[in-house]
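Peer 1: Next come a sequence and a model predicted from it.
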There are 2 protein chains.
Amino acid sequence: MQDALRQFKADFFQALAHPTRIAIVEQLREGELSAGAIIERLGIEQANASQHLAVLRAKNILMNRKAGNQVFYSVRDPLIIEVLDIMRRYFHAHMSEVLATLKAIDKADKIRR
Amino acid sequence: MQDALRQFKADFFQALAHPTRIAIVEQLREGELSAGAIIERLGIEQANASQHLAVLRAKNILMNRKAGNQVFYSVRDPLIIEVLDIMRRYFHAHMSEVLATLKAIDKADKIRR
DNA sequence: GTGTTATATTCGAAGTTTCGAATATTGATC
DNA sequence: GATCAATATTCGAAACTTCGAATATAACAC
C-alpha cells in the first residue's frame, strides 16, 4: 500500500518533469484553453504538444472537454496550482541555482555553436 | 530566462519522480539520518541508495554532512516538505486513483507470477 | 459524399534512467 | 601502514522518454 502511494506520487512528479509540460500547466493557470491555443502560445509542434497533453491527461493532471472540432484542456485540481505556487517561492529562495542552470545552458549553447 | 526557470522546475520534479526517492525524502521528514540508516529503513541495495541520494543531492533537494565514517542527509529547504504536505492532501482527494494504481500493480504482480 | 481543420496516435531513432555487480574512496582503529 | 566499515562511483544491460515525420480519426461545411 505504502508502495502504491509512493508510485502514485512518483508518477505525478514524473508527469511534471518536463519543461514543456510545466509550460502547459502554467498556461492553464487562468482557465481552460484549446489544444490549438496551447500550441500557438508555446510555439511547439502539434504532435509533440499532443503527446505531452496525453501524459498530463494520463496522470489526471489535466481534464479535457470536447467542443465540436476542438478539445479544451484545464487543470483538474486547484491543489496542482497550489503546488506550483509553492514551487515559485522555492525558486525565489534558490534563485542563485536557477541562475547557475541558466549559465550552464548558455555555456552549452556557446559550445554547440 | 523563462525557459531556464522551467528547466529548473522540471529538474526538481524529475528528482522526485521515483518511488525510492520519495521514500528517502519522507524518511528525512523528521530530521537527518545517515545513509546507512536510510538503507536499513528502506531495505534497498547500498549502491542503489547511494545513486538515488546522489540524484537528490545534485538537485539540491538534500544536503549532507560528513561525520567521521558516516554521511548524514537532510532535506535542505522546509518548502520541500510543504510541497509533500500539499501532495498528501492531493492524494487524499484522489484516493480512488491511488487505489486504481494499487490494483494495477497487484494485477501486474499476478501476471508476473 | 469530398474537403478541410483540429487533434490524436504510431513509428523508429536518439537520448536518458535504472538496476545490481564490481570497484574505489574515505576515515577509524589497531 | 593494514584492515575494516561506511559510502560513492563506474560499468553495461534493460527499460523508459522524447522527438519529428507520417498517418489516423473526428467533426464540421459544402
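Peer 2: Arrived safely, thanks for sending. Please read these numbers as outputs of a predicted model, since none were measured by experiment.

Peer 1: Up against chain B, what does chain A have?
Peer 2: By CB under 8 Å from any CB of the partner chain, the residues of chain A that approach chain B are A:1, A:3-14, A:16-19, A:21-23, A:26, A:60, A:77, A:79-80, A:82-83, A:86-87, A:89-91, A:93-94, A:97-98, A:101-102, A:105. In this view, the C-beta of every residue, glycine as well, is placed from N, C-alpha and C.

Peer 1: Make a ChimeraX selection of the buried ones in the residues you listed.
Peer 2: Selection command for ChimeraX covering only the buried members of the residues of chain A next to chain B, criterion 16 or more other CB atoms under 10 Å in any protein chain shown:
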select /A:4,5,6,7,8,9,10,11,12,13,14,16,17,18,19,21,22,23,26,60,79,80,83,87,90,91,94,98,101,102
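
Peer 1: for chain A, which residue is closest to the average position?
Peer 2: By CA atoms, centre = their mean, chain A has its centre lying nearest to A:I22, at 2.1 Å.

Peer 1: Can you check what pLDDT the model gives it?
Peer 2: On the pLDDT scale, A:I22 is placed at 96.

Peer 1: low pLDDT regions in chain A?
Peer 2: A:1, A:95-113 (pLDDT under 70).

Peer 1: hang on, isn't A:R29 packed against A:V75?
Peer 2: Yes. The pair A:R29 and A:V75 qualifies as a contact (CB atoms under 8 Å) at a distance of 7.4 Å.

Peer 1: Excluding covalently adjacent residues, which one is nearest to A:F12?
Peer 2: Nearest residue to A:F12 in three dimensions, chain neighbours excluded: A:K59, at 6.1 Å (CB to CB, 6 or more residues apart in numbering or on different chains).

Peer 1: Check A:R29 too.
Peer 2: For A:R29, the closest residue by CB to CB, 6+ apart turns out to be A:I81, at 6.2 Å.

Peer 1: for the one you found, helix, strand, or coil?
Peer 2: The three-state label given to A:I81 by DSSP: H, G, I helix; E, B strand; the rest coil is helix.

Peer 1: Could you measure from it over to B:R57?
Peer 2: Shown here: A:I81 relative to B:R57, a distance of 29 Å by CB to CB, to the nearest Å.

Peer 1: hang on, the earlier thing: neighbours of the residue nearest to A:R29, how many?
Peer 2: 14 (other CB atoms under 10 Å in any protein chain shown).

Peer 1: just checking, it touches A:V75?
Peer 2: Yes. Using CB under 8 Å, A:I81 makes contact with A:V75 at a distance of 6.2 Å.

Peer 1: Give me the common contacts of these two.
Peer 2: Common contact partners of A:I81 and A:V75 (CB atoms under 8 Å, 6 or more residues apart in numbering or on different chains): A:R29.
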